[in-house]
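# sequence below, structure please.
(one chain, ligands or ions: 2)
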Amino acid sequence: MGSSRKAPGVFEPDRGERRVFRLTFEGYDALALHTFAERETIEGIGAPLGVGKESDVYEVRSYKPLALKFHREGYTEFREVNREREYTADREHVSWLYTARKAAEREYETLEALYPTVSVPQPIDHNRHAIIMERIDGVELARSKLEAEQVVPVLDLILAEMAAAYDEGYVHADMSEYNIFVNSEGITIFDWPQAVPVDHENGDDLLERDVENTVGYFQRKYPHSIADVDTAALADAVATDSFESVREFAES
Ligand SMILES: Nc1ncnc2c1ncn2[C@@H]1O[C@H](COP(=O)(O)OP(=O)(O)O)[C@@H](O)[C@H]1O
Ligand SMILES: [Mg+2]
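Ligands and ions are numbered 1, 2, ... in the order given. The predicted structure follows:
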């Protein structure tokens with residue numbers, strides 16, 4: 001684990017009189033890895049698959065290729081605080097481990113609820129701030145270049161998966177071209193820690209924002225293939241499971 005966020009080491013002695021041992025993210029990573037190895041979920045850890053805004057994702061060896069995601073939510077904030085103040089209260093320190101663990105739990109629960117009805121990575125195991133899931137082959141939508149005739153069908157596939165997720169009770173709430181994989185078999189939506197239940201007070205606003213972000217990306221990248229769209233009506237169709245194609249929502 002070549003994280004450069006902190007000097008390597010499982011435990012880092014605190015400053016001060018008392019010998020307090022502070023658990024670093026590397027230590028927490030090692031504990032989660034140890035648990036996965038004991039449970040025989042993983043046989044070894046491989047190359048990084050991606051560094052996201054709030055995670056580190058590695059390939060892992062097992063009975064089939066899997067992905068290991070270490071959640072880092074709360075840590076970026078912690079680093080900002082820490083730059084200004086050499087000393088950080090233990091309470092804040094505890095809070096980022098807790099925040100990351102909660103995020104991993106939420107993501108795992110959501111994957112379990114959605115798989116296999118919705119095209120998401122198959123959840124395999126979780127421990128502390130880490131989850132193990134199926135490794136998805138493909139490229140992020142942001143890095144893919146679609147042929148003109150593929151543009152509407154791929155957007156329709158994504159919206160159909162969002163409708164299926166809504167039907168299962170979830171809004172993703174962070175939909176973007178960076179959280180979708182595209183391959184010859186279709187699309188996979190990943191990165192679910194912030195998903196909300198459909199009856200959340202902002203559920204429908206978040207769904208509409210997800211629809212706007214997704215359609216907006218296609219419009220910017222493929223302006224000749226996608227017309228202006230009535231996103232409110234489209235989001236409504238996604239929520240009521242009556243969605244068929246974005247073409248029906250083109251504004252003339
Ligand atoms: N199941 C997976 N299989 C292969 N690569 C993955 C998988 N999950 C995540 N990744 C890679 O790791 C990156 C970060 O993962 P993501 O879940 O989006 O976390 P973040 O919240 O940090 O954005 C992704 O952009 C992707 O490249
Ligand atoms: Mg992401």
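
# centre of the chain versus the helix ranked longest in the chain, how much separation?
Of all the segments assigned as helix in the chain under DSSP state H, the longest by residue count is helix 90-114. Taking the mean of its C-alpha atoms, helix 90-114 sits 12 Å from the chain's own mean (Cα atoms, centre = their mean, to the nearest Å).

# who does the next helix-or-strand element following that helix pair up with?
Sequence order places strand 123-127 as the next helix or strand after helix 90-114, per DSSP states H and E. Paired strands of strand 123-127, with direction, are strand 130-134 (antiparallel) (DSSP bridges).

# which single residue of the stretch 101-250 of the chain ends up nearest ligand 2?
Nearest residue of the stretch 101-250 of the chain to ligand 2 (Cβ to the ion) works out as D191 at 3.8 Å. Glycine gets a C-beta too; all of them are placed from N, C-alpha and C.

# what about that residue, how many residues nearby?
Other residues lying near D191 total 23 when counted by other Cβ atoms under 10 Å.

# skip the chain neighbours and tell me the closest residue to the residue nearest the centre of the chain.
What sits nearest the mean C-alpha location of the chain, by Cα atoms, centre = their mean, is D191, with 1.3 Å. Among residues not flanking D191 along the chain, N179 sits closest, at 4.2 Å (Cβ to Cβ, 6 or more residues apart in numbering).

# and what of V120?
Spatial nearest neighbour of V120, chain neighbours left out: L114 (4.9 Å); criterion: Cβ to Cβ, 6+ apart.

# A113 now?
E168 (6.0 Å).

# wait, the one you found sits on Y115?
No. Assessed by Cβ atoms under 8 Å, E168 is found out of contact with Y115, at 9.7 Å.
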